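Engineer: model the following, please.
(chains A and B)
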Amino acid sequence: DAGVIQSPRHEVTEMGQEVTLRCKPISGHNSLFWYRQTMMRGLELLIYFNNNVPIDDSGMPEDRFSAKMPNASFSTLKIQPSEPRDSAVYFCASSFSGVETQYFGPGTRLLVL
Amino acid sequence: GEDVEQSLFLSVREGDSSVINCTYTDSSSTYLYWYKQEPGAGLQLLTYIFSNMDMKQDQRLTVLLNKKDKHLSLRIADTQTGDSAIYFCAETTDKLIFGTGTRLQVFP
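Structural biologist: Residues are numbered from 1 along each chain as shown, chains lettered A, B, ... in the order given. Take a look at the predicted model:
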């Protein structure tokens, strides 16, 4: 079975550019999560969707970040404009329902120059 | 407040047992998890324990839960070089709260 799929796996961009990260959750999972991992702050939950509806977006750093889940099989995390401090690994995770037992994708490594 | 703590590093000899420890703060957590992260990879769910259990064993992995002390441990028997990774414990409240991770290094 396919796990959580993320694209791209690596992204290098210049400050000010728009970045879009993509995620396909495991089929049948109703909850989707976006995380950011950095050396300084560890793993941070950015936003959590349940049945395509955002439940908790308190971790979204600022208005430059936005996330959408137009259907049960696709989500995007957009950063516009990007800044060097956004450089991190961004993970998508999904679960059957709710915050428990989450399965993670391989991550997108973002470098903003 | 929400805070999950782990020691940062653990170094063991191949073939020995590894014990990774974690303390958490929320006694209402329903599940507690162990994830493994290899270099350049995502987090792999290793095992989990329900809060009303004291112990769970899964092949080389043994999870011990002490709810009174809010202490969770992961024991890896017969540790192999392929076990070298960062191990995260996590508790569930209204979201999944991760510890800082323990980097396990296995040497021959």
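Engineer: what's the neighbour count on B:Asp54?
Structural biologist: As a burial measure, B:Asp54 scores 10 neighbours (other Cβ atoms under 10 Å in any protein chain shown). Just so you know, the C-beta spots here come from the backbone N, C-alpha and C atoms, and that holds for glycine as well.
Engineer: for it, which non-adjacent residue is spatially closest?
Structural biologist: Nearest residue to B:Asp54, sequence neighbours excluded (Cβ to Cβ, 6 or more residues apart in numbering or on different chains): B:Leu65, at 5.7 Å.
Engineer: touching the host helix or strand of the one you found from outside, list them.
Structural biologist: Using DSSP states H and E, B:Leu65 falls within strand B:61-66. The contact list for strand B:61-66 (Cβ atoms under 8 Å, 6 or more residues apart in numbering or on different chains) reads B:32, B:34, B:46-49, B:51, B:53-57, B:71-77.
Engineer: returning to what we had before: who does the residue nearest to B:Asp54 bridge with?
Structural biologist: Beta-bridge partners for B:Leu65, by DSSP bridges, are B:Leu72.
Engineer: state the distance from B:Lys68 to chain A.
Structural biologist: Counting by Cβ to the nearest Cβ, to the nearest Å, the separation of B:Lys68 from chain A is 23 Å.
Engineer: quick check, pLDDT for that residue.
Structural biologist: As predicted, B:Lys68 sits at a pLDDT of 91.
Engineer: what's the answer for B:Gly1, then?
Structural biologist: Listed pLDDT for B:Gly1 reads 47.
Engineer: so what's the most centrally placed residue in chain A up against?
Structural biologist: Centroid check for chain A by Cα atoms, centre = their mean gives A:Trp34 as the closest residue, at 3.3 Å. A:Trp34 is in contact with A:Cys23, A:Leu45, A:Leu46, A:Ile47, A:Tyr48, A:Ala67, A:Ser75, A:Leu77, A:Tyr90, A:Phe91, A:Cys92, counting by Cβ under 8 Å, 6+ apart.
Engineer: circling back to that earlier point, chain center to the strand holding B:Leu65, what's the gap?
Structural biologist: Distance of strand B:61-66 from the chain centroid (Cα atoms, centre = their mean, to the nearest Å) equals 9 Å.
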